[in-house]
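Novice: Build me a model:
(one chain, ligands or ions: 1)
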Amino acid sequence: MAPWWKHGIIYQLYPRSFQDSTGDGVGDLPGIEQRLDYLAWLGVDAAWISPMYPSPMADFGYDVADYTDVDPRFGTLADAESLIAAAHERGLRVILDYVVNHTSSEHPWFLASRSSRANPKRDWYFWKDPAPGGGPPTNWVDRFGGNSAWAWDEATEQYYLHTYLPEQPDLNWGHPGVQEAMLDVLRFWMDRGVDGFRVDVAYRAKVAPQWRDNPPNPDWHEGRDPYKRLLETYTKNLPDAHVVGRMLRDVVDEYRDRVLIGEVTLPPERLVAFYGEHDDEYHLPFNFNLIHCDWTAADVQDQVDRYEAALQSKRLNEGAWPNYVLGNHDVHRLASRIGPEQARVAQMLLLTLRGTPTLYYADELGMPNVKIPPDRVVDPWEKNAPGLGLGRDPARTPMRWTTGPAAGFTVPEATPWLPIGPAEAPTVEEQRASDDSMLALVRALIQLRRSSNALHAGAYRAFHSPDGVFAYERTEKEETLLVLLNMTGRSQLVPLPPHAAQGTMVLSTRPDRAREQVAYRVALHPNEGLILRV
Ligand code: NOJ
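Specialist: Okay, the predicted model is just below:
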């Protein structure tokens, strides 16, 4: 029997924005617990919760000040335990975020480390003297604004490394104390029933960096993300990251049935290295390539086929299982990137490909980016590199549950931490009442995927189709489904492959399409995705 995370569907929720139970305008764990029935109704298998640990919130929780507790804004440890139990009662799994590369500068480990050069925790982080001529030890720049990745500490007269904000100092995974303490964090949560982890920037974890300058990026120009002006030759995707991946996996394997997911932004050919040579790193190194490629049939198919080829060709363990992601809290909303009509096609793609899908909360509603007035911007990235479209607030706004005040997210008197989006994206309540809604489509796709071995476990093979259409078949034993995705705004006529030339329509992204019998060819409406059973 395949492990649950192979046939399951993961749903990412951003705890600040799912449901507020206290009326302070910020979502929390008891709020999530109140909404678990929704997730069960939707049909997903696991909830991945972005960080809910105590944090000064310089990076909204990705600056952790204590890995084994809950921030009071989100509740208590008892609330986390209650949420895990309530999820399990409904057959849902819980995946936590694990911030591997850095802590908060307020974490007691860092406070000790910076307190003196002689402190036993000094080397839990990377401290360096100035370069011989003065200034930072290397030219490395930080991810949020492209300033030096080294911060000067007046008191101890050394620099420390921070790949992200100065409030997020990088952990030294080469230190046995860090290894022990951080690995115990995994055990702490697994002992409490957590079903897995999503490892933040897994490909940045450092054991023994080479302190060498990164080369300039020849493709960089003014107006691009300032951090991209250097290539990251010495700062990411190094062998160190695999060393750490194996350490994490060893601990996760001490427990049954847990999943280890890695956040790794790499093209397919390099991404697959994060499964490990012997299936000993990540079960699912996140595949973000469908987020970053052009949204055309040719490019999307190219990504899928390259990924499939990379998975097959490498002398990989049999455990290398694909996965796909179309949205998360770091990128613009799917519906804003590709438009509302293609967003429906994209959900059909995500939920019919071979590999575990991860859905980002409110994408099932087709929620677009929400416009954030300048005085409401909170994302440090937007603040440090304004106006380049890098800000992440627009994709992190509260879930829209009901047509009532504050969309049912919080109480009417509260100011939600980010604005609640306009009515362009109908609420859960409205969409549940309509058979034509995006939510109805996503739920139908989820039900179909769950009930179909071909979809959740079968083989994938693309077949020839006209330009602008991505067509593939999914097969498991006797069951074959064809997926035809028209990724253009014009009608298309798609010939069916000779061995599967007759079938029945199972589901269309267009609500008005009747279930027809088809033979030899199928006419697709503009922006239509269609599933056929042959
Ligand atoms: C990746 C996370 O997804 C992002 O939100 C965060 O800001 C950085 N890692 C730093 O932890």
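Novice: For residue 125, grab phi and psi.
Specialist: Torsion angles at residue 125 (phi, psi; degrees, to the nearest 10) stand at phi -130, psi 180.
Novice: Can you give me the distance of it to residue 162?
Specialist: Distance of residue 125 to residue 162, computed by C-beta to C-beta, to the nearest Å: 9 Å. Just so you know, the C-beta spots here come from the backbone N, C-alpha and C atoms, and that holds for glycine as well.
Novice: what touches both of those two?
Specialist: Residues within reach of residue 125 and of residue 162 at once, by C-beta atoms under 8 Å, 6 or more residues apart in numbering, are 169, 170.
Novice: who's in contact with the spatially most central residue of the chain?
Specialist: Nearest to the mean C-alpha position of the chain, by C-alpha atoms, centre = their mean, lies residue 328 at 4.7 Å. By C-beta under 8 Å, 6+ apart, the residues touching residue 328 are 12, 288, 291, 358, 360, 395.
Novice: can I get those residues in JSON lines with secondary structure, neighbour count and distance to the ligand?
Specialist: Listed next are these as JSON lines, based on DSSP: H, G, I helix; E, B strand; the rest coil; neighbours: other C-beta atoms under 10 Å; distance: C-beta to the nearest ligand atom, whole Å:
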{"residue": "12", "secondary structure": "strand", "neighbour count": "22", "distance to the ligand": "10"}
{"residue": "288", "secondary structure": "coil", "neighbour count": "22", "distance to the ligand": "10"}
{"residue": "291", "secondary structure": "helix", "neighbour count": "20", "distance to the ligand": "12"}
{"residue": "358", "secondary structure": "strand", "neighbour count": "26", "distance to the ligand": "12"}
{"residue": "360", "secondary structure": "strand", "neighbour count": "23", "distance to the ligand": "11"}
{"residue": "395", "secondary structure": "helix", "neighbour count": "27", "distance to the ligand": "11"}
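Novice: nearest to residue 370, of the residues you listed?
Specialist: The shortest gap between residue 370 and any of the contacts of residue 328 belongs to residue 395, at 8.1 Å (C-beta to C-beta).
Novice: need the contact list for the closest residue to that closest one other than its chain neighbours.
Specialist: Excluding the flanking residues, the one nearest residue 395 by C-beta to C-beta, 6 or more residues apart in numbering is residue 333, at 4.8 Å. Going by C-beta under 8 Å, 6+ apart, residue 333 touches 327, 362, 363, 367, 368, 369, 394, 395.
Novice: Assign a three-state SS to whichever residue of the stretch 51-200 of the chain sits closest to the ligand, would you?
Specialist: When distances are taken as C-beta to the nearest ligand atom, the stretch 51-200 of the chain reaches nearest to the ligand at residue 62, 3.3 Å away. Classification of residue 62 using DSSP: H, G, I helix; E, B strand; the rest coil returns coil.
Novice: ok, residue 511 - how many residues close by?
Specialist: With neighbours defined by other C-beta atoms under 10 Å, the count for residue 511 comes to 12.
Novice: any idea which helix or strand carries it?
Specialist: Using DSSP states H and E, residue 511 is not contained in any helix or strand.
Novice: From what I see, it and residue 525 are in contact.
Specialist: No - Residue 511 is beyond contact range of residue 525, at 11.3 Å (criterion: C-beta atoms under 8 Å).
Novice: Make sure the residue nearest to the centre of the chain is indeed in a strand.
Specialist: No - assigned with three-state DSSP, residue 328 falls outside any strand and is coil.
Novice: Would you list the phi and psi of it?
Specialist: phi -160, psi -170.
Novice: State the distance from the closest residue to residue 309 other than its chain neighbours to residue 244.
Specialist: The shortest distance from residue 309 to any non-neighbouring residue, by C-beta to C-beta, 6+ apart, is to residue 268 (7.8 Å). Using C-beta to C-beta, residue 268 is found at 22 Å from residue 244.
Novice: more neighbours, the two?
Specialist: The neighbour count for residue 268 versus residue 244, taken as other C-beta under 10 Å, is higher for residue 244 (27 against 19).
Novice: Verify the stated contact: the more buried one with residue 173.
Specialist: Yes - with contact defined as C-beta under 8 Å, residue 244 reaches residue 173; the gap is 5.1 Å.
Novice: Give the residues shared as contacts by those two.
Specialist: 100, 205, 207.
Novice: what does this structure put close to the ligand?
Specialist: Selection of the chain residues close to the ligand by C-beta under 6 Å from any ligand atom yields 59, 62, 99, 164, 200, 201, 263, 329, 330.
Novice: do that again at 5 Å, thanks
Specialist: By the rule C-beta under 5 Å from any ligand atom, the part of the chain lying against the ligand is 59, 62, 164, 200, 201, 330.
Novice: what's the pLDDT at the closest residue to the fifth one other than its chain neighbours?
Specialist: If the residues on either side of it in the chain are set aside, residue 201 comes closest to residue 101, at 5.0 Å by C-beta to C-beta, 6+ apart. Taken from the predicted model, the pLDDT recorded for residue 101 is 98.
Novice: Please identify which helix or strand holds the most far-flung residue of the chain relative to its centre.
Specialist: Taking C-alpha atoms, centre = their mean as the measure, the residue most remote from the mean C-alpha position of the chain is residue 133, 41.5 Å away. Assigned by DSSP H and E, residue 133 belongs to no helix or strand.
Novice: Number of residues surrounding the residue in the stretch 301-450 of the chain that the ligand sits nearest to?
Specialist: Residue nearest to the ligand within the stretch 301-450 of the chain (C-beta to the nearest ligand atom): residue 330, separated by 4.8 Å. Look at residue 330: counted by other C-beta under 10 Å, it has 17 neighbours.
Novice: Residue 176 too?
Specialist: Other residues close to residue 176 by other C-beta under 10 Å number 8.
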